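S.K.: Need the 3D shape of this:
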Amino acid sequence: MTSSSTGLTAPFALARFTADGLAGSAGLPAETGGRPSLGLVVGSRIRPLTERELGAPDLNSFLAQGPEAWTRLASLADEQQGDGAGWLDLDDVTLTAPVEPRQVLQTGANYRTHVIDLVVAGRQKTDPRPVEELREWAAEMMDTRAREGIPYFFIGLPACVVGDDVELVLPAYSDQHDWELELTVVIGKPAFQIDREHAMEHVAGFTIANDITTRDLVFRQDMKEIGTDWYRAKNAPGFLPVGPFLVPASAVADPGALHLRLDLNGDTMQDATTSDLLFDIPALIAGASQNMPLLPGDLLLTGSPAGNGAKWGRLLRDGDVMVASIEGLGTQTVRCVSEQNR
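M.R.: Next up is the predicted model:
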């Protein structure tokens, strides 16, 4: 089933939601204390899950169980979606971030075309070679990196993870806040020092992330030798909208061939496929697991394709609306408001 309003095409998914005015009905707790409920999504409807149905005390414990846990939910979706009992329309609830990660790992410079564009743009002013020659040189460099190099990781703060129900507040300390649509891996079984051949066994599912970046804070100006400052550039409140769905890995036939698209106020800015990844998902998981164990529910962002605001010379402003979609995973809508107008 497909929900036209959410873009979800998977047979089922997980989501976290609130339903003001519906507490005590449709299986929702009478008193939730403002906490989101975990729900099973089929098409355009959602059904709250009990701990017994989930087979675990919380989401991350569920994800740690591996594929058999998702099989139980698939059976529940098949058995109960027809009778309508306990199901709510997605339009009647508010979806929030479908994950509760303990760790967030981000991947930089991982889309071949994007990195080639950046390399060429950075050398054009001082390099006498024609642009096409520069592009060939940069492409050869990227192909060598993919064969012989390793992924580039840095870490984000789980506190920045929100759903698209939260407005993106653009901090007043800069006017250079940018978007970065990314396919995001959600870890299932713990992964530590694994090889790429076994990496996908540790994937619980996939979701959408928009990794907001403040461009003028990426590189330190006070001591350029220090390099990048990802803490200040990426970790403001709400700078990592995620969701709205957590889609099981079994429902994504080929995560290496998914279409990604981000529209800003109706204009397409990013339009790519994950086939352009320099390091594929098994390589990313294997590489990231060498330093620290990846835990159930952790997020691994796979990088952002070409088409960020820095390319277009157009950064985020008050009132902007970003609509991001990844094939099969749904649609995320984020509204921006300047800190001054909040």
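
S.K.: per-residue confidence at the residue nearest the centre of the chain?
M.R.: Centrality entry for the chain: nearest residue to the mean C-alpha point is Ala209, 2.3 Å, by Cα atoms, centre = their mean. Note for Ala209: predicted pLDDT of 98.

S.K.: How far does the host helix or strand of it sit from its chain's centre?
M.R.: Using DSSP states H and E, Ala209 maps to strand 203-210. Relative to its chain's centre, strand 203-210 lies at 5 Å (Cα atoms, centre = their mean, to the nearest Å).

S.K.: same deal with stretch 288-303?
M.R.: Here stretch 288-303 is found 13 Å from its chain centre; the criterion is Cα atoms, centre = their mean.

S.K.: Which strands border the helix or strand containing Arg335, and is each parallel or antiparallel?
M.R.: Per DSSP H and E, Arg335 falls inside strand 330-338. Strand pairing for strand 330-338, using DSSP bridges, gives strand 168-170 (parallel), strand 321-326 (antiparallel).

S.K.: neighbouring contacts of the longest one?
M.R.: Just to be clear, that refers to strand 321-326. With contact meaning Cβ atoms under 8 Å, 6 or more residues apart in numbering, strand 321-326 is reached by 7, 168, 179, 181, 183, 206, 208, 210, 258-265, 316, 331-336. To be clear about C-beta, it is placed using only N, CA and C from the backbone, and glycine gets the same treatment.

S.K.: Got a PyMOL select line for the buried ones in those?
M.R.: Remark: buried members of the contacts of strand 321-326, expressed as a PyMOL selection using 16 or more other Cβ atoms under 10 Å:
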select buried, resi 7+168+179+181+183+206+208+210+258+260+261+262+263+264+316+331+332+334+336
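
S.K.: Please identify the deepest-packed of the strands paired with strand 330-338.
M.R.: Neighbour counts (mean count of other Cβ atoms under 10 Å) averaged over each of those peak at strand 168-170, with a mean of 23.

S.K.: just checking, next helix/strand downstream of that strand?
M.R.: Where DSSP H and E defines the elements, the next helix or strand beyond strand 168-170 is strand 177-178.

S.K.: Which other helices and strands does that next one contact?
M.R.: Helices and strands touching strand 177-178, by 3 or more Cβ pairs under 8 Å, 6 or more residues apart in numbering; DSSP states H and E, are strand 213-214.

S.K.: mind listing what the strand it packs on pairs with, with the direction of each?
M.R.: Per DSSP bridges, strand 213-214 is paired in its sheet with strand 177-178 (antiparallel).

S.K.: Tell me which helix or strand comes right after the partner strand.
M.R.: Immediately after strand 177-178, counting by DSSP H and E, sits strand 181-187.

S.K.: which secondary structure elements does that following strand contact?
M.R.: By 3+ Cβ pairs under 8 Å, 6+ apart, strand 181-187 packs against strand 203-210, strand 259-264, helix 281-288, strand 299-301, strand 321-326.
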